[in-house]
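Enquirer: Got a predicted model here, sequence first, then my questions.
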Amino acid sequence: ETGVTQTPRHLVMGMTNKKSLKCEQHLGHNAMYWYKQSAKKPLELMFVYNFKEQTENNSVPSRFSPECPNSSHLFLHLHTLQPEDSALYLCASSQGTFEAGELFFGEGSRLTVL
Amino acid sequence: GQNIDQPTEMTATEGAIVQINCTYQTSGFNGLFWYQQHAGEAPTFLSYNVLDGLEEKGRFSSFLSRSKGYSYLLLKELQMKDSASYLCVPLDSNYQLIWGAGTKLIIKP
């Protein structure tokens, strides 16, 4: 496999559910990111990990909990979400955070919260 | 504050040339990226400019003027598959990408 892979591609969950999004990159990159994209809005940076360490949390509510066990894997744990959290969640990677401009994105996980 | 200004939408004809302009204001500057995003898909990297001038890559070229806070993306020999949103994304002094809403480009036959 190559590139950045996200699973699941689509997820529907109730407000009381707990689910997780998974991201895996096969590019040998050291930095990984979670972005949120709501309809017709710019991308919003949520979290940044560099060499497995979280370097940025962009004031994201605690109902979103990231986990980065190694440089190749990134998770976003979801619990007690709200309908306004429905969006496309994009994982991305880059060589390092100083190369943050050339991002390689996964295909995204489209989340619907009922 | 940090700001990006691009047209919301543009229409062009297949086979023609289109120029998408972008002006930006950022806290410091470490280069500017152009990304393409098809509807419902993830953005893909197109180009990067850090110095003034024109960078050419096949049918796509990107220009930067740092003193004017201005960039453009030039697309030649337009194809139907070029219908997408084009995002002008500057990198600020903290190496943070500043994302805007982009320009939706519609290609007509």
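Expert: That came through fine. Numbering: from 1, shown residues only, chains lettered A, B, ... in the order given.
Enquirer: ok now do A:Ser38, which residues does it touch?
Expert: Shown in contact with A:Ser38 (C-beta atoms under 8 Å, 6 or more residues apart in numbering or on different chains): A:Glu44, A:Ser86, A:Ala87, A:Leu88. (Each C-beta comes from the backbone N, C-alpha and C, glycine too.)
Enquirer: Can I get the buried part of these as one ChimeraX selection?
Expert: Typed into ChimeraX, the next command selects the buried ones out of the contacts of A:Ser38 (criterion: 16 or more other C-beta atoms under 10 Å in any protein chain shown):
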select /A:86,87,88
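Enquirer: And the strands in chain B?
Expert: Using DSSP state E, the strands of chain B run over B:3-5, B:9-13, B:18-25, B:32-37, B:44-49, B:53-57, B:60-65, B:70-75, B:84-90, B:103-108.
Enquirer: Give me the distance from the shortest one to the chain's centre.
Expert: In other words, strand B:3-5. Offset of strand B:3-5 from its chain centre (C-alpha atoms, centre = their mean, to the nearest Å): 12 Å.
Enquirer: Would you mind listing the buried residues in that strand?
Expert: Buried residues in strand B:3-5, counted by 16+ other C-beta under 10 Å: B:Ile4.
Enquirer: Quick one: residues in contact with that strand.
Expert: Contacts of strand B:3-5 (C-beta under 8 Å, 6+ apart): B:Cys22, B:Thr23, B:Tyr24, B:Gln25, B:Cys88, B:Val89, B:Pro90, B:Ile98, B:Trp99, B:Gly100.
Enquirer: The second one contacts B:Tyr72, correct?
Expert: No. B:Thr23 lies out of contact with B:Tyr72 (C-beta atoms under 8 Å); the separation is 9.8 Å.
Enquirer: Any idea what A:Val113 is bridged to?
Expert: A:Met13 (DSSP bridges).
Enquirer: give me the number of residues near it?
Expert: Per other C-beta atoms under 10 Å in any protein chain shown, the neighbour tally for A:Val113 reads 19.
Enquirer: any idea how far A:Tyr33 is from it?
Expert: In this view, A:Val113 and A:Tyr33 are 22 Å apart by C-beta to C-beta, to the nearest Å.
Enquirer: still on that earlier bit, and which of the contacts of strand B:3-5 is nearest to chain A?
Expert: B:Trp99 (4.2 Å; C-beta to the nearest C-beta).
Enquirer: ok, that closest one - contacts?
Expert: Counting by C-beta under 8 Å, 6+ apart, B:Trp99 makes contact with A:Pro42, A:Leu43, A:Glu44, A:Leu45, B:Ile4, B:Leu87, B:Val89.
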